[in-house]
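Engineer: here is my input; please provide its structure:
(2 chains)
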Amino acid sequence: MSATIGIRPTKSFLMEIKRRIGYIERGTEFLKLKRDHLAKELTASIEVLKGRRSLLLENLKVAYRAVTASYISLGPTEVRSQVSSIKTGLELEVLPRSVMGVRYPFIKVAKEPQIAGELDITLSEAAEKVLAILDDIIQLAEFEARAERIADELGKTNRKVNALENTIIPSYRQVIKFIEDKLDEESLEELVRMKLIGGTLGRQRE
Amino acid sequence: MSPDLSYVVVRSHALMADLLTPEQIRTLAEQESLDGFVERLANTPYGRISIEAEGEISIALEKVFYQKFIERMMAIVDLAPKNIGDFLQSYYYLRFEVVNLKRIVRGKFSGLPTTQIVESLIPMTPYSVESYEDLASTETYDDTVRRLKRTPYESLIDSLELSEKYDAIWPVEIVLNHLYASAVFKSLEPLPQRDRTLVRRIVQAEADVENFLVAAKQRGARERTHNPEEMFPATYGIGLDILRETIEVDDIRLVIRKLDWPYIEILAPLYTGDVALIRSRLRQHICSVARRGRAANDFGFNVVMAYLVFSEIEKDNLVGIGWGITQGITSEDILKYLAIPHFE
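Structural biologist: Got it, this is the predicted structure:
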C-alpha cells in the first residue's frame, strides 16, 4: 500500500515504471546467473579446500613435531639465537586477483629464507620441513581467502536477488497495477462523461 | 685421597639426593599447565621458583634453571681441591661462555639490537672475557670478533676471513667449538690419570657427534663445497676420513654402520630423519658413562663429575619440559626427547 503513496497515475509514468521493471527483471536474471556461478565456484572451492587441508594438516604435523623436537632438544633461547642468524628471511608479495568481480589476494614468494649454513642440523631439518610445505600453506591461505570472499559475495548477491524478487519487483507490480486501475477508472469515467454529454447534446438537438 | 677431595665427594653423594628422580621428571612432564608444573616443582628441592613477569615464560624458566645449575656447580667448585675446581670451572664456565659468545656473534651477524642479544645470554659472570655487554654493543660483527684480541679466543680473528668468504658464521662457531674442546683437554692435565678418562669419554663423544652432525648437514649443501679440513680443525673418535665420506656418500647408513659403539647407536635416528633424538641419545650415553664412572670409583672425582653431569641433564630436561608445557605439547612428545638419568 505504501508503494502507491504519492504516485502520479499517468500514462507516461506507467511507461517509465514498466521500462524500469524491465531493467530490474533483466538485472535480477543476471544476478541469479552470478549467484549460481558463485555457488558453483564455492562448492568446487570447498571440495578442493577440504582435500588440500587434510593433506597439509598431515605435513604440518610432521613439520610441527620437528620444530617441537628442536625446541626441546636445544632450548628456546638457543633456537631463537640460531634463527636470528638467518640474514635473508621470507619475503612475500600480495597481489590482487578477481573471479566474477570478486577480488582476492594472490600471494607470491618473492624471496625464500637461506637456512643452509647457519642452523644446527636439528633446526635445519625442521626448517626444511616447514619450507617444503610453505608453498602449500600459502596456496591454502590464498584459497581460503578466495572461498571466504566468494561466500561473502554469494551472500550479498543472494540478499540482492531476494530483495528484488520479494520486495522491489512486487512493489513495482503493485504500482503498475495501481496506475493501470486508476487509468482504467479514469477512462471509464471519461466514457461515462462523454456518453452523458453526448446524450445531453442529442436531447438538445431534438 | 686428599681431605678436600673426600669432603667434596661426600658432599656430592649427599647432593645427589637433591636430584629429581625419573618419576618426578615424568610427573613434571605430565602437568597440563604451567601453574601445575611450578606447584609440583615447589615440592622438590628446587622449591617455589619465581619467574620474571616480563617477557616469555619459557625463556624466563630457562634462565631460572640455568641459574640453579650454576649455583649447584659453584657450590661444588668452592669446596673442591684447586685442580678439580679449576677443571670444573673451565669445563662448565667455558662451555657456557662459548654458548654466550656464539649468541653474541650470531646477534651481531644478523644485526640484532644489543638489548636483545644481552637478553639471550646465559645469566653468568664472564669467565675469560671482560664483559658480554661490551662485546654485544660493538658496531659490527667484525668488531665483536676483533675485540676478543688478547683473550683466549684470539684465534677467532683468523676465522673472520673464512667467515667473510662464505658470508656465514659457521667458521667462527667451529673455531669456538675447537677452542672449548682443546681448553677442556688442557685443563684435564692437572687431574690424576684415572680421573681424566671419564671427562675424555664425555668430551670426545660430544665433539664426535657434533662433528658428524655438521658433516651430515653438509650432505644437502654440496654446491658450497666447504673444505672438510676447514670445517673440522680437530677430530677425535670419528676421524676426518669418515667425516669426508659422510659428506660425499649417497646413503649415510653405510657410514654409520661402519662406526663403533656408541656412535652406531647414538646416530641411528639419522636413518629415520628424527635428528633431535640424536642429542637425547647422546645425553643418555653421557649419563651412562657418568654412572659407570661412578660405579668404578665411588669415592673419587668420578662422583663429583657424575653429580654435575646428572645436574646438567636435569637442567636441560626441565628447560624442555617448561617449554613443552607452555606450548601445550603432550607429555609423550616431551618425554621422547628427554634423557632421564637413572642415577641411584
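Engineer: what's the one helix or strand residue A:137 maps to packed up against?
Structural biologist: Here residue A:137, judged by DSSP states H and E, is contained in helix A:134-163. Applying 3 or more Cβ pairs under 8 Å, 6 or more residues apart in numbering or on different chains; DSSP states H and E, one finds that helix A:134-163 contacts helix A:11-74, strand A:91-99, strand A:102-111. Placement of C-beta: from N, CA and C, glycine included.
Engineer: could I get these as CSV with mean neighbour count, mean pLDDT and distance to residue B:211?
Structural biologist: Shown next, in CSV, are those (neighbours: other Cβ atoms under 10 Å in any protein chain shown; pLDDT from 0 to 100; distance: least, Cβ to Cβ, whole Å):
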stretch, mean neighbour count, mean pLDDT, distance to residue B:211
helix A:11-74, 15, 91, 17
strand A:91-99, 10, 88, 34
strand A:102-111, 14, 87, 32
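Engineer: tell me which of these sits nearest to chain B.
Structural biologist: With distances scored as Cβ to the nearest Cβ, the stretch of these nearest to chain B is helix A:11-74 (3.4 Å).
Engineer: quick check: next helix or strand after that closest one?
Structural biologist: helix A:76-84.
Engineer: can you name the residues of chain A sitting close to chain B?
Structural biologist: A:65-66, A:68-78, A:80-82, A:84-87, A:116-118, A:120-122, A:124-125, A:128 (Cβ under 8 Å from any Cβ of the partner chain).
Engineer: could you check which helix or strand contains the residue in the stretch 51-200 of chain B that chain A sits nearest to?
Structural biologist: Nearest to chain A, among the residues of the stretch 51-200 of chain B, is residue B:106, at 3.9 Å (Cβ to the nearest Cβ). Assessed by DSSP H and E, residue B:106 sits inside helix B:94-109.
Engineer: quick one: that helix to chain centroid distance?
Structural biologist: In terms of Cα atoms, centre = their mean, to the nearest Å, the centre of helix B:94-109 is set 13 Å apart from its chain centre.
Engineer: can you tell me what sits against it?
Structural biologist: For helix B:94-109, the surrounding residues in contact (Cβ atoms under 8 Å, 6 or more residues apart in numbering or on different chains) are A:77-78, A:81-82, A:84-85, A:87, A:118, B:66, B:70, B:116-117, B:120-122, B:124, B:126-129, B:132, B:135-136, B:138, B:140-141, B:143-145, B:148, B:153, B:169, B:172-173, B:176-177, B:179-180, B:183-184.
Engineer: output the below-cut-off pLDDT ranges for the stretch 1-150 of chain B.
Structural biologist: Along the stretch 1-150 of chain B, the model assigns pLDDT under 70 to residues B:1-3, B:53.
Engineer: quick one: contacts for residue A:41?
Structural biologist: So residue A:41 contacts A:99, A:100, A:150 (Cβ under 8 Å, 6+ apart).
Engineer: that's a helix at residue B:27, yeah?
Structural biologist: Yes. Residue state for residue B:27 (DSSP: H, G, I helix; E, B strand; the rest coil) corresponds to a helix.
Engineer: ok, it touching residue B:39?
Structural biologist: No. Using Cβ atoms under 8 Å, residue B:27 is not in contact with residue B:39, being 11.0 Å away.
Engineer: looking at the two, which is more packed in?
Structural biologist: Applying other Cβ atoms under 10 Å in any protein chain shown to residue B:27 and residue B:39 shows that residue B:27 carries more neighbours, namely 18 against 12.
Engineer: distance of the more buried one from residue B:41?
Structural biologist: For residue B:27, the distance to residue B:41 (Cβ to Cβ, to the nearest Å) stands at 10 Å.
Engineer: next SSE after the helix holding residue B:106?
Structural biologist: helix B:114-119.
Engineer: flag every buried residue along that next one.
Structural biologist: B:114, B:117, B:118, B:119 (16 or more other Cβ atoms under 10 Å in any protein chain shown).
Engineer: check the residues you listed and tell me the two furthest apart.
Structural biologist: B:114 and B:119 (9.6 Å; Cβ to Cβ).
Engineer: compute the number of surrounding residues for residue A:152.
Structural biologist: Using other Cβ under 10 Å: residue A:152 sits among 12 other residues.
Engineer: how near is it to residue B:259?
Structural biologist: For residue A:152 relative to residue B:259 (Cβ to Cβ), the value is 60 Å.
Engineer: residue in the stretch 151-300 of chain B with the shortest distance to chain A?
Structural biologist: For the stretch 151-300 of chain B, Cβ to the nearest Cβ, closest residue to chain A: residue B:276, 3.4 Å.
Engineer: go ahead and confirm that residue touches residue B:338.
Structural biologist: No. Applying Cβ under 8 Å, one finds residue B:276 not in contact with residue B:338, separated by 10.9 Å.
Engineer: residue B:97: how many residues sit nearby?
Structural biologist: With other Cβ under 10 Å as criterion, residue B:97 counts 24.
Engineer: now swap in residue B:192 and tell me
Structural biologist: 10.
Engineer: now the stretch 201-344 of chain B, which segments are flagged as low pLDDT?
Structural biologist: In the stretch 201-344 of chain B, residues with pLDDT under 70: B:220-226, B:342-344.
Engineer: tell me which parts of it are close to chain A?
Structural biologist: B:213-214, B:216-217, B:220-221, B:224, B:273-280, B:316, B:319-320, B:323-324, B:327, B:329, B:333-334, B:336-338.
Engineer: give me the most central residue, chain A.
Structural biologist: Against the mean C-alpha coordinate of chain A, by Cα atoms, centre = their mean, the closest residue is residue A:153 at 1.1 Å.
Engineer: so how far is residue A:102 from that residue?
Structural biologist: In this view, residue A:153 and residue A:102 are 5 Å apart by Cβ to Cβ.
Engineer: what touches both of these two?
Structural biologist: residue A:38.
Engineer: picking that back up, from the buried residues of helix B:114-119, which is closest to residue B:247?
Structural biologist: Out of these, the member with the shortest distance to residue B:247 (by Cβ to Cβ) is residue B:117, at 32.0 Å.
Engineer: and the gap between the closest one and residue B:95?
Structural biologist: Relative to residue B:95, and taking Cβ to Cβ, residue B:117 is found at 19 Å.
Engineer: same check, this time on residue A:146
Structural biologist: Residue A:146 is 52 Å from residue B:95, by Cβ to Cβ.
Engineer: which one's more surrounded, these two?
Structural biologist: Set residue A:146 next to residue B:95 and count neighbours by other Cβ under 10 Å: residue A:146 wins out with 21 against 18.
Engineer: I figured the more buried one hits residue A:45, correct?
Structural biologist: Yes. Proximity of residue A:146 to residue A:45 meets the contact threshold set by Cβ under 8 Å, at 6.4 Å.
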